[in-house]
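A.B. asks: Take a look and give me a structure for this.
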Amino acid sequence: MTVLRSYVSGAWTDPADDGRPVLDAVTGEEVARVSSAGIDLAAALAYGRSAGGPALRAAFGTHPDGSPGGILGSDELVRTLGAIPLFRHQPDGSLLEDWGSPA
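C.D. replies: All right, here's what the predicted structure looks like:
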């Protein structure tokens, strides 16, 4: 069975063991195996903070006045999407999808 690799700290990593099974939700058959064995989690966290953190803050940050910054506050994003999807759970548990135009 295929043991899935992990993309960690900017590189693909093979697990150090045979992993645990991932089962098909319908048939129950094993479709792959996954494991975090051998991954240096402290190094992964440090990499995320040094490489991913600045990019996320730039994309999703806020302006000094508290308004959304980066891509979330971008008029270009709204023009590109044309509408912003909103999803709400209804009392019966169903999900309502609303593609209302941004104001």
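A.B. asks: With adjacent residues omitted, what lies nearest to V3?
C.D. replies: R33 (4.5 Å; C-beta to C-beta, 6 or more residues apart in numbering). C-beta here means a position set from N, CA and C on the backbone, and glycine is covered the same way.
A.B. asks: Check the contact between that neighbour and D17; I expect there is one.
C.D. replies: No. R33 is beyond contact range of D17, at 9.3 Å (criterion: C-beta atoms under 8 Å).
A.B. asks: Same drill for the two, tell me which one is more crowded.
C.D. replies: Neighbours were counted for R33 and for D17 using other C-beta atoms under 10 Å; R33 has more, 16 against 11.
A.B. asks: Pull the contacting residues for the more buried one.
C.D. replies: 1-4, 18-22 (C-beta atoms under 8 Å, 6 or more residues apart in numbering).
A.B. asks: from these, which would you call buried?
C.D. replies: G19 (16 or more other C-beta atoms under 10 Å).
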